[in-house]
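> Below is the structure, and that's it, no one-letter string:
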């Protein structure tokens, strides 16, 4: 290893000596350069070399090259030899290549080297870098795109760029980025041809005739159609294509429309695609946009689709004007045919309507939701709490379908307590005898305390103690009632003892200690 390093150092000496002679480097700087390079050469060649050593060596050489060029410019030197001028660049290439032979699959390192080749205009090294990088990393989408762009932009070779994209898609057929960039290539190529044709016609010079179909983005359309067959498509990917088409100077509107319509032909059940098409159309024709939304609802027939359409209408409310009449027109369709896949969607839709003064449509929405999901607790509770004209009747209907649902019973008994206390007491007596009544003990205790006072609540609590294992919530509830009633401290401490014995946790102990500190500090010890 030492012989190889020494050989490399000896090759550097003429270059360093010339830089000293020209005054670009001082004698001490020249010695420092030799010493630093020697250290890095040994680090590169040790048995277990580190990538960071290569990176530091490259960084050092780049800084040295920048300093050298700065001083050459400052001194106004014109007689610097080719070796002194370009030897540092060659050394950087050599270090990169040696590092990449060791770390062939490091994509970020390849990209770093490719960018360096572009920076110093090393065309030959750049071409070889792309070949080697893709040979070892054929699934790196970024390198494929960089390679194709280099052919298109730097070499002006559309055929080579197209060939690169076709090869890349053999290795990465499911990459949206590759398909979008390939589409961009074909669109830009046609744009350039059309611009050239316009200039030639303006100068009364004949131009090479290209088929009208090609000039109408035929190849780009084929790319898009093939993409639809190859990847899992969604609105975000479509936006990547349409963003390119929308900024196209020649016939971009028709190309954009083609993309939307072709995507919908392939994926008619994708509501996001319908929304995207409506958004594209709305700037030109509001009625047509509304007809597209109706067609979407007729085709997809789900509440999820209706929700997305409503969000779209709200977003573009300034365009539509009176959104109440727009939604009314939309709801004239038989929404009972819409499928409710998830009751949460119905509630989200109803919430959107409340926020935008469209609450008049909510009863019909909930009616359809409950027809398809009659045992949805969340839908029943939403209807009762927000839009019900007769809550007690709706609660009765809900209990028929959900006879043991705790939340429905809680809502029912709470409403009953406000309207008919006697009937509420009778109902509580019936409920507490049922198997699910245990879960309602905290609510029952609260009802007794509120309607009959603390004494009756104590009696009920003792009865419950004799029949059931007391839960943490019940004990805490009773403690709060006793504290509020300024009960004997010893009685409250007994309840705390029961709480900490059966439910020993830091929160309960803290409550007990806090109570003792304020009321009976002698018990703390």
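Yep, it's here. Since the structure is predicted, the reported quantities are computational estimates derived from the model, not experimental observations.
> Residue 423 and residue 319, how far apart?
Distance, residue 423 to residue 319, using C-beta to C-beta, to the nearest Å: 53 Å. For glycine as for every other residue, the C-beta is placed from the backbone atoms N, C-alpha and C.
> Those two: who's more crowded?
Neighbour count, other C-beta atoms under 10 Å: between residue 423 and residue 319, residue 319 has more, with 14 against 11.
> name the element that one belongs to?
Using DSSP states H and E, residue 319 sits within helix 317-320.
> And for that helix, what's in contact with it?
For helix 317-320, the surrounding residues in contact (C-beta atoms under 8 Å, 6 or more residues apart in numbering) are 282-283, 286, 290, 313, 323, 326, 356.
> rerun at 7 Å
With C-beta atoms under 7 Å, 6 or more residues apart in numbering as the test, helix 317-320 has contacts from 282, 286, 313, 323, 326.
> avg pLDDT for it?
For helix 317-320, the mean pLDDT works out to 82.
> just how off-centre is that helix within its chain?
With C-alpha atoms, centre = their mean, to the nearest Å as the basis, helix 317-320 stands 28 Å off its chain's centre.
> Now do the buried residues in the helix or strand just after that helix.
With elements assigned by DSSP H and E, the helix or strand that comes after helix 317-320 is helix 323-331. Of all the residues in helix 323-331, those buried under the rule 16 or more other C-beta atoms under 10 Å are 323, 326-327, 330-331.
> Also stretch 282-289?
For stretch 282-289, by 16+ other C-beta under 10 Å, it's 282, 286, 289.
> Check stretch 435-442 too.
The neighbour-count check on stretch 435-442 (16+ other C-beta under 10 Å) flags 437, 440-442 as buried.
> go on, stretch 180-200?
By neighbour count, with 16+ other C-beta under 10 Å as the criterion, the buried positions of stretch 180-200 are 180-191, 193-194, 197.
> Same question for stretch 235-251.
Residues of stretch 235-251 classed as buried: 235, 237-238, 240-242, 244-245, 248, 250-251 (neighbour count, 16+ other C-beta under 10 Å).
> Repeat that for stretch 25-39.
25, 30, 33, 37.
> How far away from the center of its chain is it?
Counting by C-alpha atoms, centre = their mean, stretch 25-39 comes out at 51 Å from the chain centroid.
> for this structure, what are the low-confidence residue spans?
1, 79-80, 82-85, 204-214, 333-334, 487, 523-525 (pLDDT under 70).
> max-length helix in it?
Longest helix of the chain, by residue count under DSSP state H: helix 176-202.
> Which other helices and strands does that helix contact?
If you count contacts as 3 or more C-beta pairs under 7 Å, 6 or more residues apart in numbering; DSSP states H and E, helix 176-202 packs onto helix 141-149, helix 158-171, helix 212-215, helix 218-230, helix 235-246.
> What segments of the protein are strands?
Read by DSSP state E, the chain holds no strands at all.
> Among the buried residues of stretch 435-442, name the ones in helices.
Using DSSP H, the subset of the buried residues of stretch 435-442 located in helices is 441-442.
> sorry, back to before: I'd like the buried residues of helix 323-331 laid out as a markdown table, including distance to residue 11.
Converted to a markdown table, these look like this (distance: C-beta to C-beta, whole Å):
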| residue | distance to residue 11 |
| --- | --- |
| 323 | 78 |
| 326 | 79 |
| 327 | 80 |
| 330 | 79 |
| 331 | 83 |
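> what does stretch 449-464 rub up against?
Contacts of stretch 449-464 (C-beta under 7 Å, 6+ apart): 421, 441, 445, 448, 470, 478, 481, 485.
> got the contact list for residue 391?
So residue 391 contacts 384, 415 (C-beta under 7 Å, 6+ apart).
> Looks like residue 43 contacts residue 51 (just checking).
No: the pair residue 43 and residue 51 does not pass the contact test of C-beta atoms under 7 Å, sitting 11.1 Å apart.
> ok, the two, which is more surrounded?
Just comparing residue 43 and residue 51: by other C-beta under 10 Å the higher neighbour count belongs to residue 43, 15 against 12.
> Residue 50 versus that one, what's the distance?
8 Å.
> Buried by neighbour count, from the contacts of stretch 449-464: which ones?
Among the contacts of stretch 449-464, those scoring as buried are 441, 445, 448, 470, 478, 481 (criterion: 16+ other C-beta under 10 Å).
> Need these in CSV (columns: distance to residue 164).
Output for those, formatted as CSV (distance: C-beta to C-beta, whole Å):
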residue, distance to residue 164
441, 73
445, 76
448, 80
470, 75
478, 77
481, 79
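> Pick out the most distant pair among those.
448 and 470 (15.1 Å; C-beta to C-beta).
> can you give me the helices for the stretch 351-500 of the chain?
362-372, 377-382, 391-401, 406-419, 421-431, 441-452, 454-467, 472-484, 489-502 (DSSP state H, counting those that start in this stretch).
> can I get the ones you listed in JSON lines with distance to residue 87?
Formatted as JSON lines, the helices of the stretch 351-500 of the chain follow (distance: least, C-beta to C-beta, whole Å):
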{"stretch": "helix 362-372", "distance to residue 87": "77"}
{"stretch": "helix 377-382", "distance to residue 87": "75"}
{"stretch": "helix 391-401", "distance to residue 87": "86"}
{"stretch": "helix 406-419", "distance to residue 87": "81"}
{"stretch": "helix 421-431", "distance to residue 87": "93"}
{"stretch": "helix 441-452", "distance to residue 87": "85"}
{"stretch": "helix 454-467", "distance to residue 87": "93"}
{"stretch": "helix 472-484", "distance to residue 87": "80"}
{"stretch": "helix 489-502", "distance to residue 87": "82"}
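> Single out the most deeply packed of those.
Greatest average neighbour count among the helices of the stretch 351-500 of the chain goes to helix 377-382 (a mean of 20), per mean count of other C-beta atoms under 10 Å.
> what distance separates stretch 154-166 from the centre of its chain?
Mean-position distance between stretch 154-166 and its chain equals 33 Å (C-alpha atoms, centre = their mean).
> correct me, but residue 186 touches residue 216?
No: using C-beta under 7 Å, residue 186 is not in contact with residue 216; the gap is 11.7 Å.
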